[in-house]
Structures are given as structure tokens and as C-alpha cells.
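> I'd like to go over a predicted model; first the sequence, then the structure.
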Amino acid sequence: MSVKLMTPYSKIYVDGNYVGTDVVSVALTLGENHTVIVKKEGYSSETIGIKSRVQVG
């Protein structure tokens, strides 16, 4: 998954772990749901849920 933010110096967390600022690429485990949180001082935090779907066939 790639994340690119328009607000400079925003902190990005995936599943509670800090992964970087502004632009990151993160490998996610298939078959699991994930949570992305974006934080910046002076702004409201944004939380995004990512639901995993596995298709067979």
C-alpha cells in the first residue's frame, strides 16, 4: 500500500506503528484488516480502516 499526503510533515501510522511522514510504501499482510492513522500537530487525526478480502478462483 502507498500513502501520499498533501499536508507536509504529517505522521503516518499503520496498525499502531509509526511508518514515516508524507509519502510511504508499506507491505500489508493479506487476509488481515489494517488501520492507517494520519496525525499532524494542530490538525484533527484521520483514521482509515482497510478491510482485507481474499478471492479464490
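Thanks, I have the structure now.

> Confirm for me that residue 50 is in contact with residue 1.
Yes. Counting by CB atoms under 8 Å, residue 50 touches residue 1, with 7.3 Å between them. For the C-beta atoms, the positions are set from N, CA and C on the backbone; glycine is no exception.

> Pull up the overlap in contacts between those two.
Common contacts of residue 50 and residue 1 (CB atoms under 8 Å, 6 or more residues apart in numbering): 28, 34, 36.

> which of those residues tops the neighbour count?
residue 36 (19 neighbours; other CB atoms under 10 Å).

> Just give me the neighbour total for the residue lying closest to residue 16 once chain neighbours are set aside.
Leaving aside its chain neighbours, residue 16 sits nearest to residue 35 (7.5 Å; criterion: CB to CB, 6 or more residues apart in numbering). Counted by other CB under 10 Å, the residues lying close to residue 35 total 12.

> now do residue 24
By other CB under 10 Å, neighbour count at residue 24 equals 16.

> just how off-centre is the host helix or strand of it within its chain?
Assignment of secondary structure by DSSP states H and E places residue 24 within strand 23-25. Offset of strand 23-25 from its chain centre (CA atoms, centre = their mean, to the nearest Å): 9 Å.
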